[in-house]
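A.B. asks: just the structure for this:
(3 chains)
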Amino acid sequence: MTDFKTDLNEAQYEAVTHTDGPVLVIAGAGSGKTRTIVYRLAHLISRGTAPDSILLLTFTRKAAQEMQARASLLLGAAGLSGLTGGTFHGFAFSMLRRFPGTLGMPAKLTIMDQGDAENAIRDMRDMLKLGKGDRSFPKKNTVLGLISKARNKELSLAQVMQDEAFHLLRYEDEIGELSQAYASFKQKHGLLDYDDLLFRLEALLRDHEPARELAWRRYRHIMVDEYQDTNLVQARLIQLLAGQSGNVMAVGDDAQSIYAFRGANVHNILSFQKMFPGAKLVRLERNYRSTQPILDLTNAILEQAELRIKKTLYTERKDGSKPRLVRTISDRSQAQAVVSRVVELSRTYPLSEIAVLFRAGYHSFPVEIALNKLGLKFRKFGGIRFSEAAHIRDALAFLRLAQNPADLPAFKRALDHIKGVGPKTCARLYEALVQGDEKHVKKACAKNKDLENVLEFLDRLRGSQGSPARLLAQVLEFYQPVLENKFLDDWPRRQAGLEQLSRIASGYESLDSFLADISLENPENKDDDPEDALTLSTVHSAKGLEWSAVLIIDLVQDRFPSRHALTRAEDLEEERRLLYVACTRAREELTLFVPSVLYNQYNGATEPAVDSPFISCLPYNVVEAWRENYTGGLFRTNDAAPARDPDQPTESPNLVSSSAQTSEAMTSPLAQGHSGYCRHKIFGRGKIIAVIPEGKYRVNFPGFGLKVILADYLDIE
DNA sequence: CCCCATGGTGTTTTT
DNA sequence: CACCATGGGG
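C.D. replies: Numbering: from 1, shown residues only, chains lettered A, B, ... in the order given. The predicted structure follows:
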């Protein structure tokens, strides 16, 4: 029998045993948040709550599974079966599919993934002939991003563009038109994108009595993890699901809010008690994960943040080594230094206890190359997802058509490889098929043998009943020649990916749930999961995880913080929290890497890098400074200061003169009749180094270094 | 009219 | 590496 009192601290115990009525748990990083949820599950069930009356909403399905697995350990094997656990989107899908055709919903739920949605935007743009030949017209994913952000934040497009895409305001009308066209496209073809899932579920629960009844009768206890990263609809969904007096536990940490970019709203945490009057508040502040030196660093990072709920983490683990700050010569020598450090750490920790974290998926490429050279195994999270790869999507398109013959995005993809069939022909063919215009189809088939083959295959596939795995086997047989022809140089690698897809498919009974899971959740690749491998991950994908040793790379301006986060103060704050999340993943060893120069892939030049402001603002005593020598190897720097004094200008003469030699600097700023200085909301006053075509300036900001900034964001003195 | 090959250009984070 | 404009060819 589990002894809840001795296994938990006082605050955790309080959260675990408060099972009637709403409770909000503010859980600092590493404060035993997962433990609290796991014990609460066990507590509820040991008190006689039926597992199938519990709904556990987490950020990833993996997190839900891990929590269930750990709770099972406390309860014994069968204790948890029937519990509903997963993401908001996954849960929304499973609810919606129980009420097909309700409230104008399509009978078959077809989910558009990011790629489908982007392609739809492109098609709408071409159809409406918007931005033809205009190179600065926003790209399809930029447009989709704006549309999605407006929906998630529940603001008008105009408002979102005011706030964060000032330079695109001149395309406001076109983007508005695209947004409408996109919405009617989805409507017309019965497609749901990620955002629709949430809004449709809300409508269903709000307006469809039987659905609400079902949810209320079934789910008596609701737990929501990572509440700081929910958006407005998600908060309303919780309210709808819980009813007024609901038994809800929300767990979150405002300091770890890192999804504002997709519409998450930290205020949800603050207004939880308004939404659920009388909600109990529990704070978990004692950290069990990291050593004090690591917390000193993370507290220092948060020190300058604008936080609603101030918190300082503390721990009893007073000993431990100081985080290292390693300055390498370039980003390529950084990869080398990372690998050596990993090898060094692997003498103390298993590889599975070490992680390399970075801001964007592609930042790890040099490290991946270095690891491959050495033959060191690693797993990568984030970046291009398994199910986003072209060949996987190709194969899935056939399956989607077997499930829903009117799935237009899938239809286009299935016909993509046929010579002589482009967007127009494909669209006409689709219309003809849906309308039942056999003559048109016959004619087209007579002209094109390949087309006939594909359509025949699709008919055969649709006719054959079988498990997802069996259907996929048929698809792969048909697709093999296409694969070899389409990916001449690397089809064997892709074929391995398709085999992996087969293995995933074999775990599913129904085609519906296989297709939904693959687009809604990152399916884990159980088989090629090496026992003991290093982890490479984006910081976003590392959320909620922890390792004994963590290495963070590319802590330079434009990478971490991302170049996209430099114009708005809120974005920079989110980058800061992102770094906080990254550092708090570490239990014992933390190493931060700052390359001095970056190799620029497209122009082949090596450019000086500027330290991340989060690093240059750190107090000198929270890190141990190391430096890479020209002759190789890392050395302790005597001078302990991690970086330049942020108040000192970094205007080094060689930087200025080297940039003045580039062709960008043809126009002298002084020739334009101003002082040569300007102001920026975030970087303050800076010197204009060059005027660059299309309304941009190259400016040197003391403490931040050289930047290229749109004139719109600058006040010229 | 529609497709396809080509080359120039620019690369966040995720459900 | 993927997107998008462009122009030759069917």
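
A.B. asks: from now on I want contacts and neighbour counts done on CA atoms only, so please keep to that.
C.D. replies: OK.

A.B. asks: quick check: longest strand in chain A by residues?
C.D. replies: Secondary structure of chain A per DSSP state E: the longest strand is strand A:586-599.

A.B. asks: from the contact counts, what lies against it?
C.D. replies: Packing contacts for strand A:586-599, counted by 3 or more C-alpha pairs under 8 Å, 6 or more residues apart in numbering; DSSP states H and E, involve helix A:292-303, strand A:324-330, helix A:331-345, strand A:547-552, strand A:606-608.

A.B. asks: hmm, try it at 6 Å
C.D. replies: On a contact count with 3 or more C-alpha pairs under 6 Å, 6 or more residues apart in numbering; DSSP states H and E, strand A:586-599 meets strand A:324-330, strand A:547-552, strand A:606-608.

A.B. asks: paired strands for it, with orientation please.
C.D. replies: strand A:324-330 (parallel), strand A:547-552 (parallel), strand A:606-608 (antiparallel) (DSSP bridges).

A.B. asks: mind putting the ones you listed in JSON lines, mean neighbour count, mean pLDDT and distance to residue A:571 included?
C.D. replies: Below are the strands paired with strand A:586-599 laid out as JSON lines (neighbours: other C-alpha atoms under 10 Å; pLDDT from 0 to 100; distance: least, C-alpha to C-alpha, whole Å):
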{"stretch": "strand A:324-330", "mean neighbour count": "23", "mean pLDDT": "92", "distance to residue A:571": "24"}
{"stretch": "strand A:547-552", "mean neighbour count": "24", "mean pLDDT": "97", "distance to residue A:571": "20"}
{"stretch": "strand A:606-608", "mean neighbour count": "14", "mean pLDDT": "80", "distance to residue A:571": "24"}
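
A.B. asks: closest to residue A:354 out of those?
C.D. replies: strand A:547-552 (4.8 Å; C-alpha to C-alpha).

A.B. asks: ok, residues contacting the helix or strand following that closest one?
C.D. replies: Counting by DSSP states H and E, the next helix or strand C-terminal to strand A:547-552 is helix A:569-583. The contact list for helix A:569-583 (C-alpha atoms under 6 Å, 6 or more residues apart in numbering) reads A:256, A:258, A:298, A:539, A:561, A:565.

A.B. asks: rerun at 7 Å
C.D. replies: Contacts with helix A:569-583, where a contact means C-alpha atoms under 7 Å, 6 or more residues apart in numbering, come from A:255-258, A:298, A:301, A:305, A:539, A:543, A:561, A:565-566, A:614, A:682.

A.B. asks: kindly report the same for stretch A:336-354.
C.D. replies: A:370, A:371, A:532, A:533, A:534, A:535, A:547, A:548, A:549, A:550.

A.B. asks: give me the buried positions along it.
C.D. replies: A:336, A:337, A:338, A:339, A:340, A:342, A:345, A:346, A:351, A:352, A:353, A:354 (16 or more other C-alpha atoms under 10 Å).

A.B. asks: check stretch A:15-25 too.
C.D. replies: A:15, A:16, A:18, A:19, A:21, A:22, A:23, A:24, A:25.

A.B. asks: spell out which helix or strand contains residue A:321, please.
C.D. replies: Using DSSP H and E, residue A:321 falls outside every helix and strand.

A.B. asks: neighbours of residue A:496, just the number please.
C.D. replies: 11 (other C-alpha atoms under 10 Å).

A.B. asks: tell me the confidence at it?
C.D. replies: Residue A:496 is assigned 86 on the pLDDT scale.

A.B. asks: now swap in residue A:660 and tell me
C.D. replies: 31.

A.B. asks: near DNA strand B, which residues of chain A show up?
C.D. replies: A:59-60, A:87-90, A:114, A:145, A:194-195, A:259, A:261-262, A:359-362, A:381-383, A:418-426, A:520-522, A:538, A:540-541, A:562, A:564-565, A:601-602 (C-alpha under 7 Å from any atom of the strand).

A.B. asks: go with 6 Å
C.D. replies: A:60, A:87, A:89, A:114, A:194, A:261-262, A:359-361, A:382-383, A:419-425, A:520-521, A:538, A:540-541, A:562, A:564, A:601-602 (C-alpha under 6 Å from any atom of the strand).

A.B. asks: got a ChimeraX select line for the buried ones in those residues?
C.D. replies: In ChimeraX, this line selects whichever of the residues of chain A next to DNA strand B come out buried by 16+ other C-alpha under 10 Å:
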select /A:60,87,89,194,262,359,360,361,382,383,421,520,521,538,540,541,562
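
A.B. asks: take the residues of chain A next to DNA strand B and keep only those in helices.
C.D. replies: A:89, A:114, A:194, A:423, A:424, A:425, A:520 (DSSP state H).

A.B. asks: can I assume residue A:484 sits in a helix?
C.D. replies: Yes. When DSSP: H, G, I helix; E, B strand; the rest coil is applied, residue A:484 is found to be in a helix.

A.B. asks: how about the helices of the stretch 101-250 of chain A, start to end?
C.D. replies: A:114-128, A:140-153, A:157-164, A:172-189, A:194-207, A:209-218, A:232-242 (DSSP state H, counting those that start in this stretch).

A.B. asks: what about the last one, distance to the chain center?
C.D. replies: Distance, stretch centre to chain centre, for helix A:232-242: 22 Å (C-alpha atoms, centre = their mean, to the nearest Å).

A.B. asks: one more: the second one?
C.D. replies: Remark: helix A:140-153 is offset 15 Å from the chain centroid, using C-alpha atoms, centre = their mean.

A.B. asks: before we move on, what about the fourth one?
C.D. replies: Going by C-alpha atoms, centre = their mean, the spacing between the C-alpha centre of helix A:172-189 and its chain's C-alpha centre is 25 Å.

A.B. asks: show the average pLDDT along that helix.
C.D. replies: 92.

A.B. asks: can you check the shortest one too?
C.D. replies: Helix A:157-164 shows an average pLDDT of 90 in the prediction.

A.B. asks: distance between it and the chain's centre?
C.D. replies: Distance, centroid of helix A:157-164 to centroid of chain: 22 Å (C-alpha atoms, centre = their mean).
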